[in-house]
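Novice: Here is my input, please return the structure:
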Amino acid sequence: EMKKIILIFIILTLQLIYPVSVSAGPKYTMRERFGVGSDGGGAMGKQGNGWYFNWSAYTAKIEGIDFMGTVGFRKDGTGDPVVVEETPDNPSSPICQQKKNYILNHIDVYPDNTSWTVGNEIGWDDGRTADKYADDFVKWRACLKSINPTFQVGSGGLVDTYTKLPRDWGHGCTSTPDVDGSSAYFRTYMTKLKNVYHVIPDFFVAHAYTWCRPGTTTTIIPGGYTVGVANVQDFKNLIVAHRQLLAEFGLQKKDLIMNEWADFSGNSVNYLKDTVNYLMTATDQNTGNPDDEYRLVQKWAWFLFVDTPNDFPEWKNAWLSIAGKLTPLGEAYKAMIPDRLPIGSYDADYWTAGCTVSGWTCVPSNYGASVPVNVYVDGTTPDNLVVVSTTATTPHNPADPGPNNACNGTAHDFEISNNEVRTALIAA
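Specialist: Below you'll find the predicted structure:
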């Protein structure tokens, strides 16, 4: 009996000296982690991502997709160098009241806990010093929290540690990141936030372009732009560097959100797959978030989902969509989302046609012609088609609820519920 007591004492003592790190379960579903930077509006429903941002505070409601707003970025009508919009001196300032009026009049778009970033690529596209950014962050944070105290206010995107900040338009990169790169920039503004304002961002944002990493090669893309060829190992090193910066300030429990990354050199599909696999799996017990299984990155958004081909033509190699249809890159990104949201209604704009069910032809009266029909089960690719029901009494196409809307002479209804198999039957 005495031996048992001694053994228990030794075990308890060892646990005190060498505590075992135990992480909570996953903080988000995989779908909640996948996002896009987008001007694509409702067309994003085809992608299946859980969230998006559009470099603005304003957006329309997109069902089933969370919005991340941006303040303190570009003044309307300005280009590069960016002219930053006015910073509110206090929550009563006109610029803050303008945001408040819009948000409260569109409360369905901005529910409790909506995430906001202050600035886009801080110090880079706006030229702000780290001290000035700290001042602006605190003011915007006060404004947003005055509108809704539950709003989550995070930093703007910190670029690669080897990027010279504030931006030097003649020399974009630096070999001394701890002196004049984004590492030094981060330490300066975070020190001021902590020691002067006693404020910590609710989460942190980074951009994972690897152009300034040592040894990067370059290429010419459409429009004559010279860009660095993205490298997967550089991408991994960049993320590790950002997490190490957070750990310096004891901020491991803060989410790191990668809200821009891409490859513009023409090898985007392979690069996307390799980097997404890393984002989905990378952990570290020293620097990762212990509230999220020690993952290094909590959420990520590929740049760029476009709906209008005239937008950002220089970044065409990284487009996820064009003219309302997914590109091969978009299809690859979509296929990596393991738990895409079911549409919840027969929305013909949600999925793009990729294949047909043999022997099925739909003749909705509003189309005026026979068109193929696709059946998808939630979470599958277009190649895995499952017919859930072939008999029902209600038409499938919301655009034409009349009796003439029929498939093979019989209207079809497919189950949609939170706990059952979910499907979508659409006109191709």
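Novice: give me the number of residues near the closest residue to G288 other than its chain neighbours?
Specialist: Leaving out its chain neighbours, the residue that sits closest to G288 by C-beta to C-beta, 6 or more residues apart in numbering is Y294, at 3.4 Å. In this view, the C-beta of every residue, glycine as well, is placed from N, C-alpha and C. For Y294, the count of nearby residues is 18 (other C-beta atoms under 10 Å).
Novice: pretty sure Y294 contacts T281?
Specialist: No: counting by C-beta atoms under 8 Å, Y294 sits too far from T281 to count as a contact (11.3 Å).
Novice: quick one: low-confidence parts of the chain?
Specialist: Along the chain, segments meeting pLDDT under 70 span 1-24, 40-42, 45, 76-82, 170, 222, 308-312, 339-428.
Novice: quick revisit: where's the residue nearest to G288 relative to G154, distance?
Specialist: 20 Å (C-beta to C-beta, to the nearest Å).
Novice: What of G64?
Specialist: For G64 relative to G154 (C-beta to C-beta), the value is 22 Å.
Novice: Show me the beta-bridge partners of I220.
Specialist: Beta-bridge partners recorded for I220 (DSSP bridges): T226.
Novice: how many other residues sit next to it?
Specialist: Around I220 there are 10 other residues, counting by other C-beta under 10 Å.
Novice: separation between it and K132?
Specialist: Relative to K132, I220 is positioned 35 Å away (C-beta to C-beta).
Novice: for D39, same thing?
Specialist: 28 Å.
Novice: Show me the strands in the stretch 1-150 of the chain, by range?
Specialist: With strands called from DSSP state E, counting those that start in this stretch, the stretch 1-150 of the chain shows them at 34-38, 51-53, 66-71, 115-118.
Novice: in its sheet, what does the longest one sit against?
Specialist: In other words, strand 66-71. By DSSP bridges, strand 66-71 pairs with strand 51-53 (parallel), strand 115-118 (parallel).
Novice: which residues sit against the last one?
Specialist: For strand 115-118, contacts defined as C-beta atoms under 8 Å, 6 or more residues apart in numbering pick out 53, 57, 66, 68-72, 136-137, 140-141, 144, 151-157, 202-203, 205, 257, 259.
Novice: redo that, cut-off 7 Å
Specialist: Contact with strand 115-118 is made by 68-72, 136-137, 140-141, 144, 151-156, 203, 205, as judged by C-beta atoms under 7 Å, 6 or more residues apart in numbering.
Novice: swap in the shortest one?
Specialist: In this structure, residues lying in contact with strand 51-53 by C-beta under 7 Å, 6+ apart are 32, 35-38, 44, 65-68, 70, 259, 299, 301.
Novice: switch the cut-off to 10 Å
Specialist: Here strand 51-53 makes contact (C-beta atoms under 10 Å, 6 or more residues apart in numbering) with 28, 31-41, 44, 59, 62, 65-70, 115-117, 120, 205, 257, 259-260, 299-301, 305.
Novice: ChimeraX command for the buried members of these?
Specialist: What follows is the ChimeraX syntax selecting those of the contacts of strand 51-53 that are buried according to 16 or more other C-beta atoms under 10 Å:
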select :31,32,33,34,35,36,37,38,39,40,41,44,59,62,65,66,67,68,69,70,115,116,117,120,205,257,259,260,299,300,301,305
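Novice: tally of neighbours for the residue nearest to T216 when sequence neighbours are not counted?
Specialist: Leaving aside its chain neighbours, T216 sits nearest to G228 (4.2 Å; criterion: C-beta to C-beta, 6+ apart). Counted with other C-beta under 10 Å, residues neighbouring G228 total 21.
Novice: surely G228 meets F235?
Specialist: No: using C-beta atoms under 10 Å, G228 is not in contact with F235, being 11.4 Å away.
Novice: any common contacting residues for those two?
Specialist: Contact criterion C-beta under 10 Å, 6+ apart; residues shared by G228 and F235: 160, 209-210, 213, 263.
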